[in-house]
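Student: I need the structure of the sequence given here:
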Amino acid sequence: MEGFIFLDHVARFPEAFRELSTWSARAKFVLAETIAEGLEQAPSALRGLFEGRNLGKQLVRV
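Tutor: From the prediction side, this is the model:
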């Protein structure tokens, strides 16, 4: 696996936004979220980030 610095590719942002907009409109990708219910679950949700228990974004619904 190799990472990259996205600011090295600023010139391609318009192209990327066009492609991402098209994919989104065609439902070509799905966003993943793990939602913890209630503020009292926030500490556990945070701990889960470091333990790999979440899928996608970790949210807390209050």
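Student: contacts only, for the residue lying closest to residue 54 once chain neighbours are set aside.
Tutor: Leaving aside its sequence neighbours, residue 54 sits nearest to residue 34 (Cβ to Cβ, 6 or more residues apart in numbering; 3.9 Å). Using the backbone N, CA and C atoms, a C-beta is placed for each residue, glycine as well. Residue 34 sits next to 45, 48, 53-59 when contact means Cβ atoms under 8 Å, 6 or more residues apart in numbering.
Student: what bridges to residue 34?
Tutor: residue 58 (DSSP bridges).
Student: shift numbering so it begins at 29
Tutor: Right, with 29 as the first residue, what we last looked at is residue 62.
Student: for it, give its distance to residue 71.
Tutor: Residue 62 sits 15 Å away from residue 71, taking Cβ to Cβ, to the nearest Å as the criterion.
Student: also residue 50?
Tutor: 40 Å.
Student: CA atoms only for the helix ranked longest in the chain - export them in CSV, please.
Tutor: Looking across the chain with DSSP state H, the single longest helix is helix 41-53. Only the C-alpha atoms of helix 41-53 are listed here, as CSV (Å, rounded to 0.1, in the frame of the first residue of the first chain):
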residue,chain,number,x,y,z
PHE,A,41,-9.5,18.4,-8.2
PRO,A,42,-12.0,19.6,-10.8
GLU,A,43,-11.6,16.2,-12.6
ALA,A,44,-12.0,14.3,-9.4
PHE,A,45,-15.1,16.3,-8.3
ARG,A,46,-16.7,15.6,-11.7
GLU,A,47,-16.0,11.9,-11.4
LEU,A,48,-17.2,11.6,-7.8
SER,A,49,-20.4,13.6,-8.6
THR,A,50,-21.1,11.1,-11.5
TRP,A,51,-20.5,8.1,-9.3
SER,A,52,-22.6,9.5,-6.5
ALA,A,53,-25.5,10.3,-8.9
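Student: cheers, nothing more for now.
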